[in-house]
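**Q** using only what follows, build the 3D model:
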Amino acid sequence: MAIIRIKNLLLRTYIGFNEEEINKLQDVIINATIEVDLNQAIVHDSVDHSYNYKTVTKNIIALVQAHQFKMLEKLTQSILDEIMKNKNVRFARVEVDKPHALRFAESVSVELETRRDRPAEIS
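**A** Predicted coordinates:
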C-alpha cells in the first residue's frame, strides 16, 4: 500500500449559514491522506496501474467551487466521497480548515475518514 497526501490545497467556496457568510467566498484549506494499492504500478513502473492524484485534485477543486455548503462537515464528507469513488482507494482521511472562523483562533477544522471493507477471503 502507498500513502498519497494532498497538502494545504487552498480553495475558495461559499460556506456557512450566518447572514454574513452566505454570499461571501471564503477560504478553506484541504488536506487529504489516501491509501491506495500501487504495487502493480511500482513493479511495472507503469502509469496504467497508478493512482492519478492530479485528476482527483481537479475533481475536488471542481466540487468545492461549484457548490455552496452550510456546514464544514458536509463539505468534508463530500470531498471524502469524491476520493472514495476510485475503487483502488482502501482508506482516506480528509481534514478541511476554515481559517478565521473563530475569533482568536487561526482556524476551525473538521476531519473525517473512511476505510473500504476488505473483500472476504475465499477458503
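
**Q** ramachandran coordinates for the most centrally placed residue in the chain?
**A** For the chain, the residue lying nearest the average C-alpha position, counting by C-alpha atoms, centre = their mean, turns out to be residue 79 (4.1 Å). The phi/psi pair for residue 79 (degrees, to the nearest 10) reads phi -70, psi -40.

**Q** wait, doesn't it sit right on residue 29?
**A** No - with contact defined as C-beta atoms under 8 Å, residue 79 and residue 29 do not form a contacting pair (11.8 Å). Glycine gets a C-beta too; all of them are placed from N, C-alpha and C.

**Q** which neighbours do these two have in common?
**A** For the pair residue 79 and residue 29, residues contacting each of them under the criterion C-beta atoms under 8 Å, 6 or more residues apart in numbering are residue 96.

**Q** now whatever helix or strand residue 29 lives in: buried residues?
**A** Assignment of secondary structure by DSSP states H and E places residue 29 within strand 25-36. When burial is assessed from 16 or more other C-beta atoms under 10 Å, strand 25-36 yields the following buried residues: 28-36.

**Q** pLDDT and distance to residue 70 added to those residues, as CSV?
**A** As requested, those are arranged in CSV below (pLDDT from 0 to 100; distance: C-beta to C-beta, whole Å):
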residue, pLDDT, distance to residue 70
28, 96, 14
29, 97, 19
30, 98, 18
31, 98, 22
32, 98, 22
33, 98, 26
34, 97, 26
35, 96, 30
36, 93, 31
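
**Q** tell me which two in these are the farthest apart.
**A** Pairwise distances among the buried residues of strand 25-36 were taken by C-beta to C-beta; the largest, 23.8 Å, belongs to 28 and 36.
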